[in-house]
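Trainee: Please work out how this folds:
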Amino acid sequence: MNRAILSSEVQDFLRAHIDEQPADMALQKSPFPDVSAAELATQLDGLRRSRKKLPLWYATPGIYFPALLSMEQSSSGTAAAYKSTLIPEHGSFIDLTGGFGVDSYYFSKRAKEGIHCEYQATLSAIAAHNALQLQANNIHFIAGDGMAYLKNSNQSFDVIYIDPSRRVKQQKVFRFSDCEPNVVDNLAFLLQQSGSIIIKAAPLLDIKAALNELNYVKEVHIVSVQNECKELLFILEPGYTGFPIYHCVALQEKKEIQKLIFSDQMEADSHPIYSNPLHYLYEPDAALLKGGCFRSIATTFSLNKLHQHTHLYTSENLVPAFIGRTFEVITTKSYADFKKDKKGLTANVSTRNFPLKPEELKKRHRIKDGGNDYLFFCTGPNDELLVLLGRKLK
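Mentor: So this is what the prediction gives:
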């Protein structure tokens with residue numbers, strides 16, 4: 001950690017060049033004798049990324065940014081703030097894989113005290129420095145292996161949080177038992193040390209496969225930010241014997257948290273009505289699609305579904321509470337009739353349960369991207385191929 005970067009001259013320089021590309025800065029000669037061009041480029045890259053991902057870090061003077069990979073792997077401020085609502089107030093936590101420290105910071109706003117563990121000494125020092133800049137004074141920083149620290153400390157915590165690395169020996173892995181640390185092998189120990197364990201996973205993880213690896217899973221939170229699924233959270237409680245409850249959580253800027261809660265039994269007991277498109281069309285948020293609550297969506301919001309395998313919904317009257325995008329249906333055609341129309345269109349193209357991909361459809365039918373119109377190519381209730389033209393309402 002090069003503390004020369006924290007000088008006011010360097011910090012002012014980075015802010016003044018915020019619109020410059022980091023790659024270009026890396027090729028230029030550094031104007032500072034104690035800070036290399038590569039270091040300036042790393043700081044500029046982190047500062048630029050933080051504008052949207054971590055606006056509090058961006059707005060706080062004296063923040064030190066880590067290497068690119070650590071920035072990419074850190075939680076967004078929006079997702080981390082939501083996670084902090086899952087821990088008890090005024091309790092204690094330990095973050096076994098603290099990284100850049102974003103999750104620990106938001107946990108500290110709710111907890112009485114916490115510990116941030118990070119085996120990379122430089123990254124631990126960066127997180128500790130930034131915590132002081134952010135006035136998070138109730139976090140203790142440990143530069144070392146979090147699991148080893150927990151085993152040697154003989155401490156218990158209200159919450160243990162762990163984000164196991166999904167890149168092992170430069171290879172991506174997709175099972176908890178293949179991650180580092182191996183939460184499956186250490187699960188019995190972790191359950192003895194805390195009343196709640198929160199395990200973070202990437203959105204690509206197969207939820208059902210993960211549940212087969214873990215015990216005592218009380219809740220699964222599927223979290224999206226701006227309609228992009230960002231992370232999965234598995235909350236374990238020692239001795240819990242029930243079935244997991246799923247929370248599909250949609251986070252949008254300056255909007256209240258939207259959530260659909262369901263269980264496997266609720267999904268099995270839901271019986272949607274299937275119909276052709278009506279006046280309004282609904283496209284579920286990414287969190288709902290990842291959660292797989294396709295039948296529950298219809299019954300929760302009193303919507304019809306277009307087809308068993310077409311995850312689009314419809315209604316005659318508007319349902320403002322829907323979690324996702326809503327469209328007014330302008331026209332509905334069979335794909336056979338749509339093919340007869342040789343007129344080129346400008347529209348945003350989406351496919352649901354359709355044999356052709358968007359790029360192929362755009363090329364085949366001379367459709368230009370963009371505009372306010374949306375074309376949905378999908379399968380209807382009688383297995384016929386349909387084309388819906390819609391205008392986005394929200």
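Trainee: Make sure residue 378 is actually in contact with residue 386.
Mentor: Yes - at 5.6 Å, residue 378 and residue 386 qualify as touching, with contact defined as C-beta atoms under 8 Å. All C-beta spots, glycine's among them, are computed from the backbone N, C-alpha and C.
Trainee: what's the overlap in contacts for the two?
Mentor: residue 306 (C-beta atoms under 8 Å, 6 or more residues apart in numbering).
Trainee: Show the model's pLDDT score for residue 286.
Mentor: In the predicted model, residue 286 carries a pLDDT score of 97.
Trainee: Give me the secondary structure label for the residue nearest the centre of the chain.
Mentor: Nearest to the geometric centre of the chain sits residue 230, at 1.4 Å (C-alpha atoms, centre = their mean). With DSSP: H, G, I helix; E, B strand; the rest coil as the basis, residue 230 sits in strand.
Trainee: Show the contacting residues for it.
Mentor: 75, 76, 79, 203, 223, 224.
Trainee: For the closest residue to the last one other than its chain neighbours, which residues are in contact?
Mentor: What that stands for is residue 224. Leaving aside its sequence neighbours, residue 224 sits nearest to residue 287 (C-beta to C-beta, 6 or more residues apart in numbering; 3.8 Å). Neighbour list for residue 287: 222, 223, 224, 229, 248, 249, 250, 260, 323 [criterion: C-beta under 8 Å, 6+ apart].
Trainee: Residue 287 should be in a helix, yeah?
Mentor: Yes - assessed with three-state DSSP, residue 287 lies in a helix.
Trainee: what's the distance between it and residue 372?
Mentor: Between residue 287 and residue 372 the computed distance is 25 Å (C-beta to C-beta, to the nearest Å).
Trainee: And residue 143, by the same measure?
Mentor: The value you get for residue 143 to residue 372, if C-beta to C-beta is used, is 53 Å.
Trainee: okay, the two: which has more neighbours?
Mentor: residue 143 (18 against 10; other C-beta atoms under 10 Å).
Trainee: So that one sits against residue 116, correct?
Mentor: No - under the criterion of C-beta under 8 Å, residue 143 is not in contact with residue 116, lying 9.6 Å apart.
Trainee: Can you check which residues contact both of these two?
Mentor: Each of residue 124 lies in contact with both residue 143 and residue 116 under the rule C-beta under 8 Å, 6+ apart.
Trainee: What segments of the stretch 151-300 of the chain are strands?
Mentor: For the stretch 151-300 of the chain, strands defined by DSSP state E, counting those that start in this stretch occupy the ranges 159-162, 167-168, 171-172, 197-201, 217-225, 228-236, 245-251, 258-262, 273-274, 280-284.
Trainee: Just the mean pLDDT for the third one, thanks.
Mentor: Spelled out, that is strand 171-172. 70.
Trainee: dump the residue contacts of the spatially closest residue to residue 282 that is not a sequence neighbour.
Mentor: Excluding the flanking residues, the one nearest residue 282 by C-beta to C-beta, 6+ apart is residue 313, at 4.2 Å. Residue 313 makes contact with 281, 282, 284, 297, 298, 301, 303, 304, 305, 306, 322 under the criterion C-beta under 8 Å, 6+ apart.
Trainee: and what of residue 277?
Mentor: 306, 314, 329, 332, 380, 386, 388.
Trainee: now it: how far from residue 308?
Mentor: The value you get for residue 277 to residue 308, if C-beta to C-beta is used, is 16 Å.
Trainee: Select the helix or strand of the chain having the lowest average pLDDT value.
Mentor: Lowest mean confidence among the helices and strands of the chain (mean pLDDT, DSSP states H and E): strand 167-168, at a mean of 64.
Trainee: Skipping adjacent residues, who's closest to residue 48 in space?
Mentor: residue 18 (6.5 Å).
Trainee: Settle this for me: the one you found is touching residue 47, isn't it.
Mentor: Yes - under the criterion of C-beta under 8 Å, residue 18 makes contact with residue 47 at 6.5 Å.
Trainee: Of those two, which one has the most company?
Mentor: residue 47 (20 against 11).
Trainee: Nearest residue to the more buried one in space, ignoring adjacent ones along the chain?
Mentor: For residue 47, ignoring the flanking residues on the chain, the nearest one in space by C-beta to C-beta, 6+ apart is residue 14 at 5.7 Å.
Trainee: Can I take it that that neighbour is in a helix?
Mentor: Yes - counting by three-state DSSP, residue 14 is part of a helix.
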